[in-house]
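Colleague: build me a model:
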Amino acid sequence: MKLREIADRLGCRLVGEGEVEITGVAGIEQAGPSELTFLANPKYAPKLKQCRAAAVLVSEPVAKLPLRFLVSENPYLDFARALELFYQPPRPAPGIHPTAVISPSARLGENASIGAYTVIGDDVVLGRNAVLYPHVVIYQGVQIGDDFCAHSFAVVREFCRIGHRVTLQNGAVVGGDGFGFAKRADGTHYKIVQSGITVIEDDVEIQCLSAVDRATVGETRVKRGAKIDNLVQIGHACVVGEDNILCAQVGLAGSSVLERNVLLAGQAGVSGHSTIHRDAVVYAQAGVGGDVEAGAVVAGSPAFDARQWRRAVTAFPSLPEMLKRMRELERRIELLEQKIRSQGSSHE
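Modeller: Take a look at the predicted model:
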């Protein structure tokens, strides 16, 4: 595909000759003379001096470099769109594999592709264009919208509801039991039946080996457009807001509420019954023990303002030396006070 064609498809302004043939896309350091790359962060601009790419997606051309540019308002987004011009994941053909087990009461939409050893339970409703890869299991009473994709070993438990254009990556579990037990007088634990459901709204993706637990009563809900990374735990009765990003190994205790456009970086944890208000950012490995204000950026455990946290972390390695100096100063002050007291006594 010629560079000018890519520029037209992406709606980018072409700077330089556009007849060069583009065979693919790659990162700045790996791109070859027939590939397209991108520069999303200006601090990486010096890498372009050694760049061998045929062209670079940028927010503005970089002066004094003999490169072709596609000028974009959002280079990273347009790089993602350019990838789709050269690669589309394979999609299995519509049809039902002979080893699949499907309840007679299940209703499957048109163009469904049902893989080997897939199990679909009683009264399931599955929308159009669904793709279920081998070994997916859909329990009884589940309702799923159009364009659903579940990769191998994904599971949707009983009576859960899933919207349109939802993707479950390998091993994701929607609606597993919440972690609820009541303690008996003898110290043993009595399991609390998890009678609620999990609701996944439109355009959500849940990646490998993540779990969204069902509620004890009511529902756990993941709202439209949220993206959940690998190995994330969402406890019972949580609410994950619109367009949230939950990075790998995030954990939400029961009844946590995340409002719109919240970002939790890797291994962040949120205690139960806490609310993280809209547009907040929680740094990696932070421990949130209470509510977080809208637009706040927090870090540390317990989490507090990230700017203060950065200053505290910078000072932390110096604490032993600071403590040693403080004790030395205290000792010198004590000696000085003793000297002053002794001098006062002599004058008397």
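
Colleague: low-confidence ranges in the stretch 101-250 of the chain?
Modeller: For the stretch 101-250 of the chain, no stretch has pLDDT under 70.

Colleague: Arg81: neighbour count?
Modeller: 17 (other C-beta atoms under 10 Å). Every residue, glycine included, has its C-beta placed from N, CA and C.

Colleague: can you give me the buried ones in the strand or helix carrying it?
Modeller: Using DSSP states H and E, Arg81 sits within helix 75-86. Applying a neighbour-count criterion of 16 or more other C-beta atoms under 10 Å, the buried positions in helix 75-86 are Pro75, Asp78, Phe79, Arg81, Ala82, Leu85.

Colleague: elements contacting it?
Modeller: If you count contacts as 3 or more C-beta pairs under 8 Å, 6 or more residues apart in numbering; DSSP states H and E, helix 75-86 packs onto helix 3-10, strand 24-25, strand 35-38, strand 55-58.

Colleague: note down every partner strand of the helix or strand that it is followed by and its orientation.
Modeller: Using DSSP H and E, the helix or strand that follows helix 75-86 towards the C-terminus is strand 95-96. Partners of strand 95-96 in the sheet, by DSSP bridges, are strand 113-114 (parallel).

Colleague: so what touches the helix or strand following the partner strand?
Modeller: Downstream of strand 113-114, the next assigned helix or strand under DSSP H and E is strand 119-120. Contacts with strand 119-120, where a contact means C-beta atoms under 8 Å, 6 or more residues apart in numbering, come from Ala100, Val101, Ile102, Ser103, Ala106, Leu108, Ile114, Leu126, Leu132, Val136, Val137, Ile138.

Colleague: could you dump the helices and strands packed on helix 75-86 to CSV with mean neighbour count, mean pLDDT and distance to Phe304?
Modeller: CSV is the format used below for the helices and strands packed on helix 75-86 (neighbours: other C-beta atoms under 10 Å; pLDDT from 0 to 100; distance: least, C-beta to C-beta, whole Å):
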stretch, mean neighbour count, mean pLDDT, distance to Phe304
helix 3-10, 18, 96, 42
strand 24-25, 19, 95, 41
strand 35-38, 24, 95, 36
strand 55-58, 26, 95, 37
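
Colleague: pretty sure Lys227 is touching Cys247, no?
Modeller: No: taking contacts as C-beta atoms under 8 Å, Lys227 lies outside contact range of Cys247: 9.3 Å.

Colleague: ok so, going back, could the helices and strands packed on helix 75-86 go into a markdown table alongside distance to Ala284?
Modeller: Supplementary listing: the helices and strands packed on helix 75-86 in a markdown table, determined by distance: least, C-beta to C-beta, whole Å:
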| stretch | distance to Ala284 |
| --- | --- |
| helix 3-10 | 32 |
| strand 24-25 | 28 |
| strand 35-38 | 25 |
| strand 55-58 | 28 |
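
Colleague: and of the ones you listed, who's closest to Phe316?
Modeller: Proximity to Phe316 (C-beta to C-beta) singles out strand 35-38 among those, at 37.0 Å.

Colleague: that closest one - contacts with which helices or strands?
Modeller: strand 24-25, strand 55-58, helix 75-86.

Colleague: of those, which is nearest Cys160?
Modeller: Per C-beta to C-beta, nearest to Cys160 of the helices and strands packed on strand 35-38: helix 75-86, 29.6 Å.

Colleague: quick one, the closest one and helix 3-10 angle?
Modeller: 110 degrees (axes from the mean of the first three to the mean of the last three C-alpha atoms, to 10 degrees).

Colleague: got the contact list for the nearest residue to Gly145 once chain neighbours are set aside?
Modeller: Using C-beta to C-beta, 6 or more residues apart in numbering and skipping the chain neighbours, the partner closest in space to Gly145 is His164 (3.8 Å). His164 makes contact with Gly127, Gly145, Asp146, Asp147, Phe148, Asp202, Asp203, according to C-beta under 8 Å, 6+ apart.

Colleague: counting neighbours, which of those comes out on top?
Modeller: Going by other C-beta under 10 Å, Phe148 tops these with 25 neighbours.

Colleague: would you agree it is in contact with Ile162?
Modeller: Yes: if you go by C-beta under 8 Å, Phe148 and Ile162 touch, sitting 6.5 Å apart.

Colleague: so what pLDDT did Gly344 get?
Modeller: At Gly344, the pLDDT value in this model is 72.

Colleague: what do you get for His347?
Modeller: Looking at His347, the pLDDT reads 63.

Colleague: what's the answer for Met1, then?
Modeller: 93.

Colleague: in contact with it, which residues?
Modeller: Glu21, Ile22, Leu85, Phe86.

Colleague: run through the residues that contact Gly109.
Modeller: Leu126, Gly127, Arg128, Asn129, Ala130, Asp146.

Colleague: okay, those residues in TSV with secondary structure next?
Modeller: Putting the contacts of Gly109 into TSV (DSSP: H, G, I helix; E, B strand; the rest coil) gives the following:
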residue	secondary structure
Leu126	strand
Gly127	coil
Arg128	coil
Asn129	coil
Ala130	coil
Asp146	coil
